[in-house]
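Chemist: Based on what follows, work out the 3D shape:
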Amino acid sequence: MTILAYTDGASRGNPGESGIGVILKDEFGNVITSQYGYIGKATNNIAEYTALAACLKLVQKIECSQLVVHSDSELMVRQLNGQYKVKDAELKKHFHKIHDIIVAAPYQFKIRHVPREENREADELANRGINTMKILTI
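Modeler: Numbers count the residues shown, from 1 in each chain. Okay, here's the model as predicted:
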């Protein structure tokens, strides 16, 4: 089964209070599951990577042959697709963690950059994570 994932990280301040949002849908657009949470103080880029890590963890519980992630983080998408180098030491840790999960995954992985308007649902969840301060550990 192909899973369409939408992920977003939000940070109020950079760094600041941060949250993540993840939505998993089937190929017909039906929501399979969603998740949001508060991750404490972080930069927006760290929040984006944390949202992707949460997504990859959620997908482990679902039968999946292909995962297509949609994110409005151009930086993260280009780093994971090999178009940009990861220079920041803290981001490198997150990048390598994600990369290792993807390489070992039993499914085909794709990540695509989408405009913010196409990622509104995940953005709303990320902000709900900050607003509720529902702590999420990944």
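Chemist: Could you tell me how far Glu117 is located from Glu74?
Modeler: Separation of Glu117 from Glu74 (C-beta to C-beta, to the nearest Å): 14 Å. All C-beta spots, glycine's among them, are computed from the backbone N, C-alpha and C.
Chemist: Those two: who's more crowded?
Modeler: Glu74 (14 against 8; other C-beta atoms under 10 Å).
Chemist: what's near enough to touch Leu4?
Modeler: Leu24, Lys25, Asp26, Glu27, Gly29, Val68, His70 (C-beta atoms under 8 Å, 6 or more residues apart in numbering).
Chemist: Let me see the confidence value for the residue nearest to Ile135 when sequence neighbours are not counted.
Modeler: Among residues not flanking Ile135 along the chain, Tyr38 sits closest, at 5.4 Å (C-beta to C-beta, 6 or more residues apart in numbering). Here, the pLDDT recorded for Tyr38 equals 97.
Chemist: separation between Tyr38 and Gly9?
Modeler: 11 Å.
Chemist: Now for the two: what residues contact both?
Modeler: With C-beta under 8 Å, 6+ apart as the test, Tyr38 and Gly9 both reach Ser18, Gly19.
Chemist: Those two: which is more packed in?
Modeler: Gly9 (30 against 18).
Chemist: who's that one bridged to?
Modeler: Ile20 (DSSP bridges).
Chemist: Can you read off the pLDDT for it?
Modeler: 98.
Chemist: now it: how far from Asp88?
Modeler: 15 Å.
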